[in-house]
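Engineer: predicted model and sequence follow; I will ask about them next.
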Amino acid sequence: MTELAIIRNSEIRKLTKEQRKKKLDEYKQKLFTVRSELSSGGSIENPGQIQEYKKAIARLKTIMTELDEL
């Protein structure tokens, strides 16, 4: 899991409604996975990825709200 969740607002706006929903679900799942790995006593290679996933989820939700998709 070396991929970070960096996604720009312009990239989000180019996606279709279904693609945005899929990305949101994907980032939520990745955040859950990383958090559960940490809580079970493990360590992650990049602690900053939690913050990146949270930011990406917030960006997606903000734009989806603007477009009345939520």
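Structural biologist: Okay, I see it.
Engineer: per-residue confidence for residue 44?
Structural biologist: As predicted, residue 44 sits at a pLDDT of 84.
Engineer: that one: which element?
Structural biologist: For residue 44, there is no enclosing helix or strand under DSSP states H and E.
Engineer: so that it lines up with my notes, have the first residue be 545 from now on.
Structural biologist: Right, with 545 as the first residue, what we last looked at is residue 588.
Engineer: what about it, how many neighbours?
Structural biologist: Other residues near residue 588 number 14, with proximity taken as other CB atoms under 10 Å. (Glycine included, C-beta is placed from N, CA and C.)
Engineer: does it touch residue 579 like I think?
Structural biologist: No: look at residue 588 against residue 579 with CB atoms under 8 Å: they stay out of range, at 9.4 Å.
Engineer: what residue ranges in this structure are flagged as low confidence?
Structural biologist: 545-549 (pLDDT under 70).
Engineer: on the three-state scheme, residue 572 is what?
Structural biologist: helix (DSSP: H, G, I helix; E, B strand; the rest coil).
Engineer: list the contacts for it?
Structural biologist: When contacts are counted by CB atoms under 8 Å, 6 or more residues apart in numbering, residue 572 touches residue 601.
Engineer: hey, what's in contact with both of residue 588 and residue 579?
Structural biologist: residue 594.
Engineer: list the contacts for the residue positioned nearest the centre of the chain?
Structural biologist: Nearest to the geometric centre of the chain sits residue 571, at 3.2 Å (CA atoms, centre = their mean). Neighbouring residues of residue 571 by CB under 8 Å, 6+ apart: 549, 597, 600-601, 604.
Engineer: highest neighbour count among those residues?
Structural biologist: residue 604 (25 neighbours).
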